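> Got a sequence here, can you model it:
(chains A and B)
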Amino acid sequence: MKFFRHCLILASSILVSTMSFVGVTNADDHKGFKIGVVTFLSGPAAEPFGVPAWNGGKLLIKLLNEGKVPAPYNKKGFGGMEITAIPIDESGGATKQVQEFRNLVQRDKVDAVLGYVSSGDCMAIPAVADELQALTVLYDCGTPRVFEDASYKYVFRTAAHAAMDNIAIAKYLIEKGHDISSIAGINQNYAWGKDSWKDFSVSIKKLSPNSEIKNELFPKIFSGQYGTEISALLNSKAKVVHSSLWGGDLQSFILQAKPRGFFKRTQVVFSAGDQVMPGLGNKYPEGVILGARGQYGMMAPDTPLNNWFYKAYMDEYGVFPAQPPYRMVQGLMGLKMAIEKAMDKNGGKKPNKDEIAEAFTGLEFEAPGGLVQMKLGNGHQAIQPHAIGKTAKDKDGNIIVTDIVRYKASCVNPPNGIKAVDWINAGFPGADC
Amino acid sequence: MIDEFLTIFLDGAIYASWLFIVALGLTFVFGVLKILNIAHGGIYALGAYSTATLVPIFYSLGMPDQLVIVTMLISALAVAIVITPIMERGILRRFYGQDEVLIVLVTYAIYLVLEDVQKIIWGMNSLYVSEPRELLGALEFGSLYYVGYDLALIGLAIFCGLFLWLVLNKTKSGKIVLAVIHNPEISGCMGVNINKVYLAAFFVGAFLAALAGSFTAPLISVQVGISVAVVIESFAVVIIGGLGSIPGAVIGALIIGMARAACVHKLPEAEIFIMYFCMAGMLIFRPKGLFQGAQARKI
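Next up is the predicted model:
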């Protein structure tokens, strides 16, 4: 009996040692490229942002692994390495996300992390990323403060920050001759809403100093009920009402405001208004001026790469892609370009994080939404062309975006080293329009 | 000036009506079962989802538009019929008489389960069912348009509150419930079937939660997470009014509704914390709420 027990212990020890050895071998020697993808898969931000973004990401990863993406992305995977993705739910707040990030890097040993819709998460993750020396691509979040208030070695953001949404909308209103003698705003009461309103209202004041601010409303995020706010905005009789509401809040606001004639009585501008269009369809109001922090969805440029992506997404999911999938695809394409650039330099070996970070810095690459240039934040923060349009109904009664004005990236983004709000306050010096 | 006052009053009344319908079920369940039911928000969400599912089916059948209200009532009823035996008979009954904190944790767990049930059944996509809101057209008040449906919510809230009050105070069944609220042990000794009363009371509470969700569905995009704000705000109402008090729920809803509307119109910066301000004030000066009378100390 004793002998049998000893044999059992010995066999178990051998088995455990072997398993550990195999685990280490796999982690170190895998031929592919493993990424953690963090986006909202539950909660109110999932349906408008996280899920469509991950749908776009999944589709692109599949097509990249099959080598079915047009040039310059036609090399399989990332430089021939098969891409493996570990999706992580972004809900739960910044503290949880920092832990999830550590798990991805230290336990799952991912080669890079691509993620983050929430500006709060984007403020929390970069310091940890640099501490762990983990290559991190922020694909969506909008706060300008990530690279304006700090600098990081291993962190990159492949999407433009949110200042250009509001600068471009202010320019659009003036160029199109809209009456901006008075403005009002309804924006969520957190960094995104406050920053958006500040960028917009200061831009308007710079471009039209006599414009009067009538009303500034900051309901709490996910409040869902806007009847009182709609009355207050209508009572203010502002000529233009600005909003950066998104997701379920934007959908609810539209559903509650439309029957009260809100969109006929004032010019409404939605700085991030396209992401609810696929869901709302023809319930989306006419005459709304909207942007999408880039040339995405119905405002995407007519290029072969965009036409390919738009069709691939439509064929896969039966709905057109709005900004979230575009932005995740943009992040993946940027990462691919950086990896392959690093591989060109090191003779085709799998590059390490330092080689990729070096290649990523200042990178320029073509994405479905246009040329992306890593020009701000000392080469870590992207700028890109922007489009603003106005909703209308086509002859079949479907909501479309018309009257589109495209802005060069250098027209609506500050130069490197200048904070967005300082650039607006200074009157957009050096803007190349 | 009169225009603005009227606007604040109407906005406040509409918001208070919605709050009251949600809080009424919560306060009633607490009054009878002594359970602070956090899962109330989950039942509200199920009501919204079931309406968003059934109403499109109703329209596809080509029935008269006015009957959509009946469909909404049926969807709320269906939720209450399904959820009551599972929650009350299946789970909560095992915890009666146990520590209040434990019961709160149990209902919180049920709330989390209900959130996942919504994801499993309806997925992550939003549902829209705004058509019933067009049923009553729009009415002009001062310089503003109000949707008739929103104003009808005031009537629904008054009806729900009055109906429940009348049943409790003017019918034999209601008096039995009041007796159970007063002292379940003595009521049981007098031949009252306590279990049946608890089941019926929970059913009424669940129905009111689902009804609120059902009638809110046309105003919002129905999606996972809509119940979070509801739980917090309805708790604020019952804390202000006093747990278990129907008149308290009326006053609590009116205080929050009117204070919020006044803030949005006159002092927008204060809107975000006005509800908590009212709640904190009540907890400081009347910790048991407006309508909780003095209680004899038990030795």
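
> Give me the nearest residue to B:Tyr198, chain neighbours excluded.
Nearest-residue entry for B:Tyr198: B:Leu33, 5.6 Å, with adjacent residues in sequence omitted and distances by CB to CB, 6 or more residues apart in numbering or on different chains. (Glycine included, C-beta is placed from N, CA and C.)

> Neighbours of B:Ala261, how many?
Around B:Ala261 there are 27 other residues, counting by other CB atoms under 10 Å in any protein chain shown.

> Enumerate every residue touching it.
For B:Ala261, the contact set (CB atoms under 8 Å, 6 or more residues apart in numbering or on different chains) comprises A:228, B:8-9, B:11-12, B:15.

> Dump those to TSV, plus neighbour count.
Shown next, in TSV, are the contacts of B:Ala261 (neighbours: other CB atoms under 10 Å in any protein chain shown):
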residue	neighbour count
A:Thr228	25
B:Ile8	22
B:Phe9	15
B:Asp11	26
B:Gly12	24
B:Tyr15	24
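
> of all those residues, which comes closest to A:Asn346?
A:Thr228 (60.4 Å; CB to CB).

> show me where pLDDT drops low in the stretch 101-250 of chain B?
Along the stretch 101-250 of chain B, no part satisfies pLDDT under 70.

> count of neighbours near the residue of it found nearest chain A?
Nearest to chain A in the stretch 101-250 of chain B, going by CB to the nearest CB, is B:Ser221, at a distance of 3.5 Å. B:Ser221 has 31 neighbours, counted by other CB under 10 Å.

> From A:Asp396, how far out is it?
24 Å (CB to CB, to the nearest Å).

> Next, B:Leu46: phi, psi?
The phi and psi values for B:Leu46, taken as degrees, to the nearest 10, are phi -60, psi -40.

> isn't it right next to B:Gly213, touching?
Yes: under the criterion of CB atoms under 8 Å, B:Leu46 makes contact with B:Gly213 at 6.7 Å.

> between these two, who's got more neighbours?
More crowded of B:Leu46 and B:Gly213, by other CB under 10 Å: B:Gly213, with 32 against 29.

> ok, the closest residue to the more buried one other than its chain neighbours - contacts?
Residue nearest to B:Gly213 in three dimensions, not counting chain neighbours: B:Gly47, with 2.9 Å by CB to CB, 6+ apart. By CB under 8 Å, 6+ apart, the contact list for B:Gly47 reads B:75-76, B:79, B:209-214, B:217.

> go on, B:Leu102?
B:Phe95.

> what's the helix or strand for it?
helix B:100-122 (DSSP states H and E).

> Then A:Asp179?
Applying DSSP H and E, one finds A:Asp179 in no helix or strand.

> separation between the closest residue in space to it that isn't next to it in sequence and A:Val128?
Excluding its sequence neighbours, the residue lying closest to A:Asp179 (CB to CB, 6+ apart) is A:Lys239, at 4.4 Å. Using CB to CB, A:Lys239 is found at 45 Å from A:Val128.

> Following element in sequence after the lowest-mean-pLDDT helix or strand in chain A, please.
None of the helices or strands of chain A scores lower by mean pLDDT, DSSP states H and E than helix A:2-29, at a mean of 44. Using DSSP H and E, the helix or strand that directly follows helix A:2-29 along the chain is strand A:33-39.

> Given that following strand, what are its sheet partners and their directions?
strand A:83-89 (parallel), strand A:112-115 (parallel) (DSSP bridges).

> Reduced to three states, what does A:Asp396 come out as?
Three-state call for A:Asp396 (DSSP: H, G, I helix; E, B strand; the rest coil): coil.

> typo on my end, it should be A:Lys68
A:Lys68 ends up coil, using three-state DSSP.

> No further queries at this time; thank you.
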